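1. this one's sequence-less:
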């Protein structure tokens, strides 16, 4: 694909429900990142994958959040028992991780609304 | 991505003028900085980057200045165009992740 794609583009759910957000990175990119962006704020880091493994999950707010990348390509961000405070745009980015410069290419995001 | 913010600092410029967007970063040990542009409904888009061993870098119509003494970054856009209207974020790299600053909304008037 030409860029990072994310599905769905919008997700509306009820408090307490489980949601999955999908990210398709740029082909060949080994690194994948999830960020969360609240209204009027910059993106905040959640988790970073290098290949299949989560290299840094320090940004996950609590154990209701989990992400996987089983084959080193597509990643799914999973949120259990959603709360209204989880409402935000969830951004995925990928990069090639070659050399010093490591440009992260962002997808359009999934807007999650928890009612 | 969400770029409409009720309380974002806003810079309004006339088409053709130069724009300067400022950013303060937090970590004096950061060694790599990036400017992103975010249009409504889209994810952040890379504009230009700079390493900490430089104090200036130029791209096409854009220049980034880095002042490590006061931990300050600026983005200069020459001959601002309507298509430059967006929210601009600076980001510093912390190990593997990016830490984004507060965005600035740039509005360009004809």
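-> Looks like it arrived, so ask away. Note that the structure is a prediction, hence the values are computed from the model and not measured. Residues are numbered from 1 along each chain as shown, chains lettered A, B, ... in the order given.
2. Quick check: nearest residue in space to residue A:80, chain neighbours excluded?
-> Nearest residue to residue A:80, sequence neighbours excluded (C-beta to C-beta, 6 or more residues apart in numbering or on different chains): residue A:64, at 4.6 Å. Bear in mind the C-beta positions are built from the backbone N, C-alpha and C, glycine included.
3. Sorry, wrong one. I was asking about residue B:98.
-> residue B:91 (4.3 Å).
4. Kindly confirm my reading that that neighbour forms part of a strand.
-> Yes - the assignment for residue B:91 is a strand, going by DSSP: H, G, I helix; E, B strand; the rest coil.
5. got a list of what the residue nearest to residue A:80 touches?
-> A:79, A:80, A:81, A:82, A:83 (C-beta atoms under 8 Å, 6 or more residues apart in numbering or on different chains).
6. Give the burial count for the first one, as a bare number.
-> For residue A:79, the count of nearby residues is 23 (other C-beta atoms under 10 Å in any protein chain shown).
7. What of the fourth one?
-> Residue neighbour count, defined by other C-beta under 10 Å, stands at 21 for residue A:82.
8. just checking, it touches residue A:21?
-> No - if you go by C-beta atoms under 8 Å, residue A:82 and residue A:21 don't touch, sitting 11.3 Å apart.
9. intersection of neighbour lists for the two?
-> Common contacts of residue A:82 and residue A:21, defined by C-beta under 8 Å, 6+ apart, comprise residue A:112.
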